[in-house]
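**Student:** Take this sequence and fold it.
(2 chains, ligands or ions: 6)
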Amino acid sequence: MSSDYEISDDDESYYYDDEDMMDGTQDDEEDIDMADFGDDFRVAPKSKRKSYELDYDSLTQKAVEQLMESDVDYICGIFGVETSTAALLLRHMSWNKERLIELYMDNPSKILVAAGVTVEEPSAQGAAIRSHSSTSSGRRPTRSASKLLGMGSGSKSPKPTHNLALTKAPKPPKPIPFVCPICYDDSPDLRQLSLDCEHCFCSGCWTAYVGSKINDEAEHDIRCMAEGCTLATPDTFVRAILMSPTVDHEEQAANAATWARFQELLVRHFVASNPNLKYCPYPSCTNTVSCPSASSKASLTTIVPVVSCGARGIAGSSQGSSLGSKEHKFCFGCAIESDHRPVVCGVAKLWLKKCRDDSETANWIKSNTKECPKCMSTIEKNGGCNHMTCKKCKHDFCWVCMGPWSEHGTSWYSCNRYDEKGGSDARDAQSRSRASLERYLHYYNRWANHEQSAKLSVELYAKTEKKMEDMQITSSLTWIEVQFMKKAVEEVEKCRTTLKWTYAMAYYLAKGNEKELFEDNQRDLERAVEDLSELLESPIEAENIPTMRQQVTDKTVYVQNRNEIVLADTAAGFVEGRWKWDVQVEGFDAPEGPDY
Amino acid sequence: MDARLRRVNKEIADCKNDKTSNIKIELIDESPFHLKGSFPGPEGTPYEGGHFEVDIVIPDSYPFQPVKMKFITKVYHPNVSSASGAICLDILKDAWSPVLTLKSTLISLQSLLCSPEPNDPQDAEVAKHYTTSKNSFDDTAIYWTQIYAGGPGPKKKGKASVVQESSRDEIAIAGLERAHVEQFEALGFEKSKVVR
Ligand SMILES: [Zn+2]
Ligand SMILES: [Zn+2]
Ligand SMILES: [Zn+2]
Ligand SMILES: [Zn+2]
Ligand SMILES: [Zn+2]
Ligand SMILES: [Zn+2]
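**Tutor:** Numbers count the residues shown, from 1 in each chain, chains lettered A, B, ... in the order given. Ligands and ions are numbered 1, 2, ... in the order given. Down below sits the predicted model:
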């Protein structure tokens, strides 16, 4: 509907662009705004930040609404217009205050018409609004704020809408009897409402229309129902329609839910218009994260802006369960709704696309059963640990590479590093393509395995909780004292997420010293995680509990440190520009040399 | 009574009582929410003399969401899909207003036949035909009107001779589907008569 308004000069400045947001005046203003809200609106207090973590704020819907209000107040102050007019203008301009002021100063009636605040005077010059057919009833444009006819709000006389406000002609008497042109109802007690255009409809039709726009179309920009009429419904009008008391309680509750949805849509639109903000993608969460340092595309080559909205839990899951307490972590820079550190958005995107494209070839790996490499009996994986012991022949082997587990502890064996030798020896095209598939499968295999293991940790949580209960019974440890188990499981899950993404990163890293150092760190973390994982899944005997507690606690700290090293070193490498890729990654230099 | 039902019933009744308009709305089955509309092709267009039928589905949130319409009769027109009958018209989308009615929408469809919008095409092939060779487009539209909408066919003089060539592309030029041609052939028509 807003397409009536033509952006005449330069389209670019109509919306924010990266540079503007990086150092524009708008930024500073908003920082002050946020600070003013104090801690009441911060969802979660920030704990001390790591070198690779970003500064960001979590805002509740209410806090965002206050940001919107302060923008609206600002515009009201400058233009001398009503709150709902300023809100319509700002929404029309995607909340770009500077551009709005510019256009308003240039030609106020043009933008007021485009935003749906007023309808154009028939004689006025400038952009023509859409012509309408003869079927629409006569409309007489006026220029004041909207009013609700017959809704008892007449006591408050509207303030002048804007600086062009004219004296209004006295209203002619309503033609009687009224028949709603939509539902054809002609009951004498029908409530009729109209905007300033005085296109009258019954209140029931208005409610149904507004409800359909908001709930069916997720649309906050609601215009008059008359054909071709571009007048927008101010918030006060929408509120009056949805929040006026009705006889039917069910209907009233539905209308209240629609009003709440409308407010959420307004907040979402505001957040989407501002590159410093991102709405939490978790279902039915209404929090917003503000992260100005990750608002430009350029920043995404040096940082991985993983943020958390501060809320926990997935709608519909119970509070005590692991899903019920799941942190709302997501990436501010891309559409991935989870933590993809240490790898930057561009590489993560490339990898996920590759996995999607090659899913057919790689599907077999995902299966949860394999055969023992020695006796060929079927083995099912049920925990996250990769050290497998065949129930039948007692052979110890690695679930990932199917090699003997005994070799995994030695320094010369690396399960994580792909042996490039086979690839470089390949002469003909066929063996080269086989080698390239093998290479991909090496990384994909490990990627998928860590993903699988992290998923299985939901089971591990349950098992661990059971063990924690048992421990309290069989030992003198208190509930607080057995928390070390839970902490360890959480740490393992976190590290598996890191490990998973390190394989995406290693797949694209160009060969060389940097890659080798990266893979050393990766291997150390992986070993530490497998160690701890194995310990957590081993049976507990009452007399061992004190020793085990010590071991688990020590290993948890060690794993934590190894994870820190991978995350911090990789992040530092991005800042220093140390990582080179063997493919073209968005925002990075082209790969050197024709290695692949 | 349900507001939607009341409104649709009144719309159907009003249309029936209106003797001056040539728009018809009929029930397809018992449901008042699945209807068939029809109107004659506008005079002075390639659709003149044809009878055009439109499938009408009334959504739950009607009239606050637009009615769904598509042509049942095959129409050769830039804004109508030659395969599915889907229609590209603003009032069926974001320019819909709850004050519009089934009748006024059908009238809009009728006037769409008078004034194609090749810049906002539903059928890119047909739109290209329209913009590159208006005469040849008209010929095809007249044939379609004749074959599918019961139109009178090409006027004896002039235009018809343009497509007299006997190349094997003649079916394509006429824009007919092979299946339909075969159907007509099976009915005893000579192919050259079907695809003139
Ligand atoms: Zn009504
Ligand atoms: Zn209006
Ligand atoms: Zn959230
Ligand atoms: Zn990302
Ligand atoms: Zn075995
Ligand atoms: Zn291995």
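
**Student:** switch to C-alpha atoms for all contacts and neighbour counts from now on
**Tutor:** Noted.

**Student:** middle-most residue in the chain, spatially?
**Tutor:** All of this is about chain A. Closest to where the C-alpha atoms of chain A average out (CA atoms, centre = their mean) is A:Pro281, at 3.6 Å.

**Student:** nope, chain B please
**Tutor:** In chain B, the residue lying closest to the centroid (CA atoms, centre = their mean) is B:Val75, at 4.4 Å.

**Student:** Tell me, what's the model's pLDDT at it?
**Tutor:** Listed pLDDT for B:Val75 reads 95.

**Student:** Where does the prediction get shaky in chain B?
**Tutor:** Residues of chain B that meet the criterion pLDDT under 70 lie in B:1, B:156-196.

**Student:** What are the boundaries of the helices in it?
**Tutor:** B:3-17, B:102-114, B:124-132, B:134-149, B:170-174, B:178-186, B:191-194 (DSSP state H).

**Student:** Comparing the ones you listed, which comes out most buried?
**Tutor:** helix B:134-149 (a mean of 22; mean count of other CA atoms under 10 Å in any protein chain shown).

**Student:** Closest residue of chain B to ligand 4?
**Tutor:** B:Asp94 (34.4 Å; CA to the ion).

**Student:** okay, now that residue: neighbour count?
**Tutor:** Using other CA atoms under 10 Å in any protein chain shown as the criterion, B:Asp94 is surrounded by 11 other residues.

**Student:** how near is it to B:Lys70?
**Tutor:** In this view, B:Asp94 and B:Lys70 are 17 Å apart by CA to CA, to the nearest Å.

**Student:** Would you mind giving the domain segments of the chain?
**Tutor:** I went with chain A, as the question did not name one. According to automatic domain parsing, chain A comprises the domains A:1-50+A:436-596, A:61-134, A:159-244, A:372-420.

**Student:** was after chain B, sorry
**Tutor:** Taken from automatic domain parsing, chain B resolves into B:2-114, B:124-195.

**Student:** how about those in CSV, adding distance to ligand 2?
**Tutor:** Output for the domains of chain B, formatted as CSV (distance: least, CA to the ion, whole Å):
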stretch, distance to ligand 2
domain B:2-114, 11
domain B:124-195, 35
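
**Student:** Could you work out which of those reaches nearest to chain A?
**Tutor:** domain B:2-114 (5.0 Å; CA to the nearest CA).

**Student:** So is the closest one next to chain A?
**Tutor:** Yes: counting by CA under 8 Å from any CA of the partner chain, chain A is contacted by domain B:2-114 at B:3-4, B:6-7, B:61, B:63-65, B:94-100.

**Student:** show me what contacts A:His328?
**Tutor:** With contact taken as CA atoms under 8 Å, 6 or more residues apart in numbering or on different chains, A:His328 is in contact with A:Cys280, A:Tyr282, A:Ser308, A:Cys309, A:Gly310, A:Ala311, A:Arg312, A:Gly313.

**Student:** re the thing from before, you'd agree the residue nearest to the centre of chain B is up against B:Thr140?
**Tutor:** No: counting by CA atoms under 8 Å, B:Val75 does not reach B:Thr140; the two are 10.0 Å apart.

**Student:** At the contact with ligand 5, which residues of chain A appear?
**Tutor:** A:Cys372, A:Cys375, A:Cys390, A:Cys393 (CA under 5 Å from the ion).

**Student:** Much appreciated, bye for now.
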